[in-house]
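1. sequence first, then the predicted structure:
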Amino acid sequence: MNKEEFKKARKKLKYTQQAFAEELGISQRTVTGYEVGTAKIPKAIMVFVKQLLKEALLVKNGEPVLVDVSDKETLTIKEVARICIENKDALMEEPEIKMWFDLIRNEARAELMERHVILRKDK
């Protein structure tokens, strides 16, 4: 994680430098140092920030989307898909996930166009 990624993470999590410092258990001056590159970001801080980002991945109306699966030892792929479909809007706010969905859509379009061309040749 470099200084730009660190700052971007803080902003994505909607923290001020002071609030982020308090969350991380460090001083605001240290956060500033990480963001401007005068201080090296320790691996432990990087790991913690990445965990915060993962926890904030699913957000709906400004609140984390929480799914209680404590009554299950495992989830089927169908159950995971249902959860994703129910929270599609929140998922689509994540650039990596949106890119993945776009890729799948484009592949499906290409397949449909290919079938259309093959059908037209058969006529």
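-> Yep, it's here. Numbers count the residues shown, from 1 in each chain.
2. buried set for whichever helix or strand Arg82 is part of?
-> Using DSSP states H and E, Arg82 sits in helix 77-86. Buried residues in helix 77-86, counted by 16 or more other C-beta atoms under 10 Å: none are found. Yep, even glycine has a C-beta here, placed from its N, CA and C like the rest.
3. restricting to C-alpha, output it in CSV.
-> Below are the C-alpha coordinates for helix 77-86, written out as CSV (Å, rounded to 0.1, in the frame of the first residue of the first chain):
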residue,chain,number,x,y,z
ILE,A,77,-23.2,-21.1,-4.0
LYS,A,78,-27.0,-20.6,-4.6
GLU,A,79,-27.3,-18.9,-1.2
VAL,A,80,-24.3,-16.7,-1.9
ALA,A,81,-25.7,-15.7,-5.3
ARG,A,82,-29.0,-14.8,-3.7
ILE,A,83,-27.3,-12.6,-1.2
CYS,A,84,-25.3,-10.9,-4.0
ILE,A,85,-28.5,-10.4,-6.1
GLU,A,86,-30.3,-8.9,-3.1
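4. tell me how far that helix is from the chain's mean position?
-> 17 Å (C-alpha atoms, centre = their mean, to the nearest Å).
5. again, but for stretch 38-55
-> The answer for stretch 38-55 is 15 Å, by C-alpha atoms, centre = their mean.
6. can you list the weak-confidence ranges in this structure?
-> Across the chain, the ranges flagged by pLDDT under 70 are 57-66, 121-123.
7. which residues touch Ser27?
-> Residues in contact with Ser27 (C-beta atoms under 8 Å, 6 or more residues apart in numbering) are Ala21.
8. sorry, back to before: past the helix holding Arg82, which element shows up next along the chain?
-> Of the helices and strands lying after helix 77-86 in sequence (DSSP H and E), the nearest is helix 88-91.
9. may I see the buried residues of that following helix?
-> Those would be Ala90, Leu91, for helix 88-91 by 16+ other C-beta under 10 Å.
10. tell me the buried residues in whichever helix or strand comes after it?
-> Downstream of helix 88-91, the next assigned helix or strand under DSSP H and E is helix 95-122. Within helix 95-122, the residues that qualify as buried are Ile97, counting by 16+ other C-beta under 10 Å.
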